[in-house]
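**Student:** need the 3D shape of this:
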Amino acid sequence: MTRQIAACYRHLTACGHHMASNNPHDHSAHPEDLEAVAAWEPPSKPGSLAGVLPNRWVRRLVMGAIPLLAIAFGSGLIAVSRLSVSRSLQIFGTAEDGRATTTRELRAQEVRAELVSGRRNALRVAVWNRVRKRFERHFKATLSLSGPATRPQALLSARSGPGYALDANFTLPRLRSGRYSLRTVATCGGRELSSTVPVKVVSRPLRMPLVETNPPKNGTRPPQSPPGPDGVLLEILPPVGRLVASELPESMVVRTTDATGLPVRVQFEIKLKGGMLYRARPGMQVVKPTRTDSLGLFGFKVLSRRLSLSLEVSYKTRGGQTATTVVSFPQRTAVAAILPDRLVARPGEHLGLLVQTKSRSGHVYLEGLVGGRRFWMASKAVSDGVARLRVRVPTRPGLFRIQATDDFANPGSALASRTLFVDPAKPSDLRWLVRLARAVRAQLPTWDRHTRAHVDRLLERKLLTHPGTRSGVAAAYLLSRLDHQHYPTAWLADTYEADARRTRARRKRLQTYMILGLAFTGLLLLGVVGPLVYTNVLLHRQGAAERDALMEEFEKELASGRPEHPGTGGDRSHETREHLVEGSDRPGLDRRAVGRERLARLQHRVQIAMVAGVIILAVTMVLILLLNLTWSQQF
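**Tutor:** Modelled structure (predicted):
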């Protein structure tokens, strides 16, 4: 608009001069002249951008496209370099043969899950957020099973909660034993994650191996206590080996036998020697003077508040003398204690559970297992260190386990395990105690020789069905001998590795496109700057040649010494110097001024081109640095 106003002003000024010199009463300009004035542009100077690109629309397009392309491709390169896998779908359950999976097998997708046909099965599905380093709390997942000759069958479609995982409990239809595929699709934050896990379907599950929760250090187990001077072996047995949990209730058992495992009735008392118990200080009585029963057992509970615990046991020998022994219990790592309503339940009935944790809040994750097969999973919120729930026990008689942890992805040694028993007999019929002893005897570890010998003597002498037997103490003792073991949780799938491979390939392809785009932008910029520099260099050479010719002519005139105006007494050299300094209308001297102007323009434009090149180089280096930093952070 300013250019058009200036053009109109010049045109009107020229018209005014023409009217003043010729005829002041002429008519005004024709409308076509006004259109010409509006479309008028100043003549392009040699060596300028307008001289290289005469069309103004082409000039605007080129000068606008180069910065926009550079910004677009540079921003695209930065954005592409930040492409990464932010979420991954993870599945936990029972692997084939009940073994724990390794990281190599998981990355190679060689892990195969195991499900039982026609029975209840359970899996745990979670979505891991790699940016926030935590599991997502709200997502929806769908599970379906397909085989080589069967159509996909939907197993479950549910939402996660109340914890940070989805407890997928479903009944598998009756299928033939063989190889199948389990497909899991989870939707979280508007993004869909999917995983396909190979599955082995079996009709009758085999017993899977157990793993010790707190294995001994260096693989060496301390020797069991030898018998006393009168042949009596008195032991205090916590649920897990010889370790006691701190800040959690523990059920302890006093066992008195002879060297062969035969029960012996012994009178004893227990005092606190070291550590701290709830409502007890060192030197105080923990168990008042009492006797073990006909099975050589006595049960009591403690709540340790120190890292270690020492108990002093005083008992009377067969000769009537008093013997004293000190038993020490190091601390074990535990996050929860499972306290059921009862240890023996009938098939299919509901059982109340109280889970006591060290943390005052959070979530606890539980799972029920039969022979290593997970038939039930649940998560429960913790309030004031306690979580309560009711579960349905299996319909088939036998042993089953309940395991609890606060970290389902990495339970480790902090996992709590409790062994329970299912039997259809009435509590008054003590034959169920015999069946329990046989089931426990089959799962005892080989290193627990004293317990194995004790159970053998109880079965041989038929002491378990004796009318005076306290079945509750006997059941607690037998089941507690298995609580130091658990079934490992297998990591069945993790979609991160597969998604990361696809993301890396996509990122590499997009980075190639962005780099080619930046190269095209550089060529386009070179196509504009190159002609400018070339034209200005030619003008500079032409101006230098003309300037040299003028100087040679001027030197010849000075050498001739002929004055231009003799009457004035001046000489031409003085006039020429004035023209060189102040300027003149003579054509020869105007060429020198034009040469100086062209040289100044050339220097100015070359400087601009150099600055633009430096800026482009700096931006490119910054982009490469950001790209390398992003790669180093991601991988």
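
**Student:** what about V111, neighbour count?
**Tutor:** For V111, the count of nearby residues is 22 (other Cβ atoms under 10 Å). Heads up, the C-betas are built off the backbone N, CA and C, glycines and all.

**Student:** check for me that it belongs to a strand.
**Tutor:** No. Counting by DSSP: H, G, I helix; E, B strand; the rest coil, V111 is not found in a strand; it is coil.

**Student:** mind listing what the nearest residue to it once chain neighbours are set aside touches?
**Tutor:** Of all residues not flanking V111 in the chain, T101 sits nearest, at 4.9 Å (Cβ to Cβ, 6 or more residues apart in numbering). T101 makes contact with 95, 111, 490-492 under the criterion Cβ atoms under 8 Å, 6 or more residues apart in numbering.

**Student:** please redo it, this time with the cut-off set to 7 Å
**Tutor:** Shown in contact with T101 (Cβ atoms under 7 Å, 6 or more residues apart in numbering): 95, 111, 490-491.

**Student:** ditto for L459
**Tutor:** Taking Cβ under 7 Å, 6+ apart as the criterion, L459 is in contact with 434, 437.

**Student:** give me that answer again for 8 Å
**Tutor:** 434, 437-438, 441.

**Student:** and it, what helix or strand is that in?
**Tutor:** helix 449-460 (DSSP states H and E).

**Student:** ok, and for that helix, which residues are buried?
**Tutor:** For helix 449-460, the neighbour count (16 or more other Cβ atoms under 10 Å) marks 450-455, 457-458 as buried.

**Student:** now L523: phi and psi?
**Tutor:** Backbone torsions of L523, given as degrees, to the nearest 10, read phi -70, psi -40.

**Student:** use 539 as the first number from now on
**Tutor:** I'll keep to 539 as the first residue from here, and by that count the last item is L1061.

**Student:** quick one: it and G1055, what's the gap?
**Tutor:** 11 Å (Cβ to Cβ, to the nearest Å).

**Student:** higher neighbour count, these two?
**Tutor:** Between L1061 and G1055, counting by other Cβ under 10 Å, G1055 is the more crowded of the two (17 against 10).

**Student:** strands of the stretch 689-838 of the chain, start to end?
**Tutor:** Along the stretch 689-838 of the chain, the stretches classed as strands by DSSP state E, counting those that start in this stretch are 691-697, 704-709, 716-726, 729-740, 749-750, 771-775, 782-783, 787-795, 805-812, 823-829, 835-841.

**Student:** per-residue pLDDT of the residue nearest the centre of the chain, please?
**Tutor:** Residue closest to the average C-alpha location in the chain (Cα atoms, centre = their mean): R668, at 2.1 Å. At R668, the model reports a pLDDT of 87.

**Student:** looks like it contacts E674 (just checking).
**Tutor:** No. Assessed by Cβ atoms under 8 Å, R668 is found out of contact with E674, at 10.9 Å.

**Student:** mind listing the shared neighbours of these two?
**Tutor:** R625.

**Student:** what would the buried residues of helix 987-998 look like in CSV with pLDDT and distance to A861?
**Tutor:** Shown next, in CSV, are those (pLDDT from 0 to 100; distance: Cβ to Cβ, whole Å):
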residue, pLDDT, distance to A861
H988, 90, 18
T989, 91, 22
R990, 93, 25
A991, 93, 22
H992, 94, 20
V993, 95, 26
R995, 94, 23
L996, 93, 25
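
**Student:** farthest pair within those residues?
**Tutor:** Pairwise distances across these peak at 12.7 Å for H988 and L996 (criterion: Cβ to Cβ).

**Student:** quick one on the thing from earlier: among the contacts of L997, pick out the one closest to V924, please.
**Tutor:** Among the contacts of L997, and counting by Cβ to Cβ, the member closest to V924 is A975, at 32.4 Å.

**Student:** does the closest one lie in a helix or a strand, and which?
**Tutor:** Here A975 is assigned to helix 969-981, by DSSP H and E.

**Student:** for that helix, buried residues please.
**Tutor:** 970-971, 974-975, 977-979.

**Student:** and that helix, what's its mean pLDDT?
**Tutor:** pLDDT averaged over helix 969-981 gives 93.

**Student:** and the angle from it to helix 987-998?
**Tutor:** 150 degrees (axes from the mean of the first three to the mean of the last three Cα atoms, to 10 degrees).

**Student:** gap between helix 969-981 and the chain center?
**Tutor:** Relative to its chain's centre, helix 969-981 lies at 45 Å (Cα atoms, centre = their mean, to the nearest Å).

**Student:** tell me what it is packed against?
**Tutor:** strand 936-943, strand 954-960, helix 987-998, helix 1009-1018 (3 or more Cβ pairs under 8 Å, 6 or more residues apart in numbering; DSSP states H and E).

**Student:** run the last query once more with 7 Å
**Tutor:** Under the contact criterion of 3 or more Cβ pairs under 7 Å, 6 or more residues apart in numbering; DSSP states H and E, helix 969-981 touches helix 987-998, helix 1009-1018.

**Student:** in JSON lines: these, plus distance to R1047.
**Tutor:** Formatted as JSON lines, these follow (distance: least, Cβ to Cβ, whole Å):
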{"stretch": "helix 987-998", "distance to R1047": "64"}
{"stretch": "helix 1009-1018", "distance to R1047": "60"}
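
**Student:** may I have the beta-bridge partners of A724?
**Tutor:** A679, L731 (DSSP bridges).

**Student:** er, W666 actually
**Tutor:** Under the criterion used (DSSP bridges), W666 bridges to S626, F673.

**Student:** so what's the residue count around it?
**Tutor:** 19.

**Student:** how much does the helix holding A975 deviate in direction from strand 954-960?
**Tutor:** On the basis of the same axes, to 10 degrees, helix 969-981 is oriented at 130 degrees to strand 954-960.

**Student:** please list the outside residues in contact with helix 969-981.
**Tutor:** Taking Cβ under 7 Å, 6+ apart as the rule, helix 969-981 contacts 882, 936-937, 959, 961, 963, 990, 993, 996-997, 1002-1003, 1009, 1012-1013, 1016-1017, 1019-1020.

**Student:** do that again at 6 Å, thanks
**Tutor:** Helix 969-981 is contacted from outside by 937, 959, 961, 963, 993, 997, 1002, 1009, 1012, 1016, 1020, using Cβ atoms under 6 Å, 6 or more residues apart in numbering.

**Student:** with stretch 822-839 instead?
**Tutor:** The contact list for stretch 822-839 (Cβ under 6 Å, 6+ apart) reads 787, 789-795, 801-805, 807-810, 818, 1001, 1006, 1008, 1011-1012, 1014-1015.

**Student:** now with 8 Å, please.
**Tutor:** Applying Cβ under 8 Å, 6+ apart, the contact partners of stretch 822-839 are 787-795, 801-810, 815, 818, 840, 849, 992, 996, 1001-1002, 1004, 1006-1008, 1011-1012, 1014-1015.

**Student:** show the buried residues in those.
**Tutor:** Buried among those (16+ other Cβ under 10 Å): 788-795, 801-802, 804, 806-810, 815, 818, 840, 849, 992, 996, 1001-1002, 1007, 1011-1012, 1014-1015.

**Student:** quick revisit: in a markdown table: the contacts of L997, plus distance to R662.
**Tutor:** Formatted as a markdown table, these follow (distance: Cβ to Cβ, whole Å):
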| residue | distance to R662 |
| --- | --- |
| V972 | 36 |
| A975 | 33 |
| R976 | 33 |
| R979 | 32 |
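
**Student:** which two among these are spaced furthest apart?
**Tutor:** Maximum distance among those (Cβ to Cβ): 10.5 Å, for V972 and R979.

**Student:** sec struct for M1089, please.
**Tutor:** Quick answer, by three-state DSSP: M1089 is helix.

**Student:** next one: it from L1076, what distance?
**Tutor:** Taking Cβ to Cβ, one finds M1089 at 21 Å from L1076.

**Student:** just L1054 next, same as before
**Tutor:** As judged by Cβ to Cβ, L1054 and L1076 stand 33 Å apart.
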